[in-house]
Structure formats: structure tokens, C-alpha cells
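**Q** need the 3D shape of this:
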Amino acid sequence: MPVNSLTLSAPAKLNLFLHITGRRPDGYHQLQTLFQLLDYGDELTFTVGQQGGVTLTCNQPELVNDDNLVIRAAASLAAFSGQTFNVHIHLDKRLPLGGGIGGGSSDAATTLLALNHLYQLRVAEADLLILAARLGADVPVFVAGQTAWAEGIGERLTPMPLPERWYLVVFAHEHVATPLLFAHPELTRDTPASTIDAALAESGHNDFEPLVRTLYPSIDKAFQACQPYGHAKLTGTGACLFLSLTNKNHASDVLQRLTLDHPELSVFLAQGINQSTALRQLRSPAA
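**A** Numbering: from 1, shown residues only. Take a look at the predicted model:
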């Protein structure tokens with residue numbers, strides 16, 4: 001068993017559009033979306049030891065519990081592989097909770113990838129994707145590590161490289177109750193299905209956006225704050241929204257203006273990437 005340490009990123013994602021095309025008999029919603037990975041995210045450090053099982057620390061201690069997706073991902077891979085893990089995991093949490101940018105899902109995916117690598121398990125990507133889907137609908141895209149078109153409940157992925165634009169991600173410090181949105185009678189659930197089309201990155205919409213803006217006034221105000229700078233969109237079920245920009249200098253200028261004029265908002269700038277930083281790190285000679 002190797003005894004070493006590995007630090008990997010857990011990148012954020014955006015839903016460049018999110019259409020709900022129906023509901024399955026089991027209650028899950030059918031959707032189509034385009035996942036855009038970002039070069040910004042959480043960071044996890046894995047240190048393998050000789051005993052102690054799986055332990056977790058975090059710069060936000062309130063997140064350390066048995067229901068954390070990092071712990072659940074480790075347990076899932078241990079059960080599948082028959083391997084006992086003795087590893088300490090430190091999570092440096094940077095992404096807002098409940099922001100619709102995949103923080104917890106990405107942390108879980110990075111855990112699967114890191115432990116598979118550190119323990120030399122050689123679990124195939126296809127099997128990791130199955131484990132990922134059981135943990136959550138957004139986890140598979142981070143295991144695959146590619147900007148991708150997604151269908152089903154988000155687990156059927158088709159890689160789709162996109163121009164690596166700049167994105168301003170805006171968080172209104174609001175917690176959106178995702179189950180409430182999915183159950184809400186005013187949610188649009190009949191957007192016509194589309195063939196795979198990269199143009200929907202610009203022309204598509206998010207079926208959750210009208211409902212979120214109605215139920216959460218602070219998020220609606222964040223949209224209004226962004227209006228002078230472009231067409232903002234909601235990502236996932238919220239609470240983050242984003243502006244897509246082609247020029248980094250212009251994006252940096254908008255970032256400064258938003259931060260100055262609206263101190264109640266948290267804003268970060270990230271570049272879209274077609275391969276996740278976690279996969280790049282794992283494939284580097286130093287890994």
C-alpha cells in the first residue's frame with residue numbers, strides 16, 4: 001500500500017442552459033443541459049497512512065459529518081473495491097454551498113478519482129461513473145472530467161469542447177431549497193427536447209430561473225445588478241448566476257464594478273475549461 005499525499009482540485013461547473021423535458025415514472029425529472037467546467041473550485045488533500053480509517057477535516061468545520069459527500073464517496077469506493085482506506089482528507093472549501101455550481105458533487109468525484117489513484121485500484125471509469133451517479137446526478141460529469149452535453153437526469157454525457165470563455169459567477173448568499181423547486185407546481189417541465197446543439201450555450205435558458213427569481217428576491221436583485229453588463233443566467237437550481245464574457249480584461253473590470261457597487265454579493269472570475277483540473281493533475285508526471 002502506498003504511503004503518500006496527493007492534492008487535487010475539485011472544479012466548479014456551470015449549467016449554460018438547463019431544460020426540463022419531462023418527468024419519469026419514478027419521479028425524477030428528465031433534463032438536457034450543457035455542463036461547463038471552470039478553472040476554479042475547492043481543493044482536497046489526501047494523506048494515506050497505516051491506520052485510522054477515513055477521516056475528514058475542513059476549513060469550514062460544520063461540514064464535517066458522516067453525510068458529507070466526500071465521506072460517502074470514500075465508503076462507496078471501499079465497498080465496491082473491497083479495499084480498506086486509511087486516509088486523512090482535508091477539504092479546503094471555496095465554493096458556496098447550495099450555489100448550483102457543483103461544489104459537493106465535485107468534491108465527491110475528486111475523492112473517487114484520488115483514492116482510485118492513490119491505492120492503485122484500477123477501477124474502470126465506467127464503474128466510477130456508476131458509483132458517481134448513485135451519489136448524485138451532478139457527480140458523473142466531474143468523474144468524466146469533460147465539458148459535456150448531458151441528458152437523462154444528468155448522467156448521460158457527451159463531451160462537447162467549447163470556446164474557453166470567461167465567466168463572472170455571482171452569489172447572493174441565499175440558500176435555495178432544491179427539493180422545493182422540483183416539487184413546485186409552477187415549474188416548467190415540458191420544454192421540447194433538442195438534438196445536441198452547442199448553440200444552446202447562448203440561446204438556451206434555465207427552466208428554474210423564473211421560479212427562483214420569484215421565490216428568492218435577493219437572487220432577483222442579483223440579476224438586476226448584473227443587467228448593465230450582459231445577460232445573466234441561473235446555474236443549476238441556483239443560488240449562483242453567471243455572466244459569460246469573451247475578454248478577461250473586460251471581465252475583470254465588471255468584477256471590480258460589481259464588487260464595489262454591490263458589496264452584498266460575492267463574485268469570482270473563472271475561465272471555462274474543457275478538461276477538469278483534477279484530471280490534468282492526475283495525468284501529470286508528478287502525480
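
**Q** counting residues, which helix of the protein comes out longest?
**A** helix 103-118 (DSSP state H).

**Q** mean confidence for it?
**A** What helix 103-118 shows for mean pLDDT is 97.

**Q** run the chain-centre distance for that helix.
**A** 12 Å (Cα atoms, centre = their mean, to the nearest Å).

**Q** how close does the residue nearest the centre of the chain get to Pro161?
**A** Against the mean C-alpha coordinate of the chain, by Cα atoms, centre = their mean, the closest residue is Gly102 at 2.0 Å. From Gly102 across to Pro161, the span is 19 Å (Cβ to Cβ, to the nearest Å). To be clear about C-beta, it is placed using only N, CA and C from the backbone, and glycine gets the same treatment.

**Q** ditto for Ala124
**A** 23 Å.

**Q** ok, and for stretch 109-122, which residues are buried?
**A** Ala109, Thr110, Thr111, Leu112, Leu113, Ala114, Leu115, Asn116, His117, Leu118, Tyr119, Leu121 (16 or more other Cβ atoms under 10 Å).

**Q** and Phe171, what are its bridge partners?
**A** Going by DSSP bridges, Phe171 is paired in beta bridges with Cys240, Ser266.

**Q** count of neighbours near it?
**A** 22 (other Cβ atoms under 10 Å).

**Q** over to Asp67?
**A** Asp67, neighbours per other Cβ under 10 Å, totals 7.

**Q** now for the buried residues of stretch 109-122: which two are most distant?
**A** Greatest spatial distance among the buried residues of stretch 109-122 (Cβ to Cβ): Ala109 and Tyr119, at 16.4 Å.

**Q** show me how far the helix or strand of the chain with the lowest mean pLDDT is from its chain's centre.
**A** Least confident helix or strand, the chain: helix 178-183 with a mean of 90, by mean pLDDT, DSSP states H and E. Chain-centre distance of helix 178-183: 18 Å, with Cα atoms, centre = their mean.

**Q** now what about the helix or strand following that helix, what contacts it?
**A** For helix 178-183, the following helix or strand on the C-terminal side (DSSP states H and E) is helix 200-203. With contact meaning Cβ atoms under 8 Å, 6 or more residues apart in numbering, helix 200-203 is reached by Leu16, Phe17, Leu34, Gln36, Leu162, Ser194, Ser244.

**Q** which parts of this structure are strands?
**A** Ranges of strands in the chain, per DSSP state E, are 5-23, 29-48, 54-58, 87-92, 148-151, 156-159, 166-171, 233-234, 240-245, 266-273.

**Q** contacts for the least confident helix or strand of the chain?
**A** Contacts of helix 178-183 (Cβ under 8 Å, 6+ apart): His29, Gly98, Leu187, Phe208, Leu211, Val212, Leu215, Thr237.

**Q** quick check: Gly145 touching Gln275?
**A** Yes - Gly145 is within contact range of Gln275, at 5.9 Å (criterion: Cβ atoms under 8 Å).

**Q** could you tell me which residues touch both of these two?
**A** Leu37.

**Q** residue farthest from the centroid of the chain?
**A** Gln50 (32.0 Å).

**Q** distance of that residue from Ala73?
**A** Taking Cβ to Cβ, one finds Gln50 at 22 Å from Ala73.
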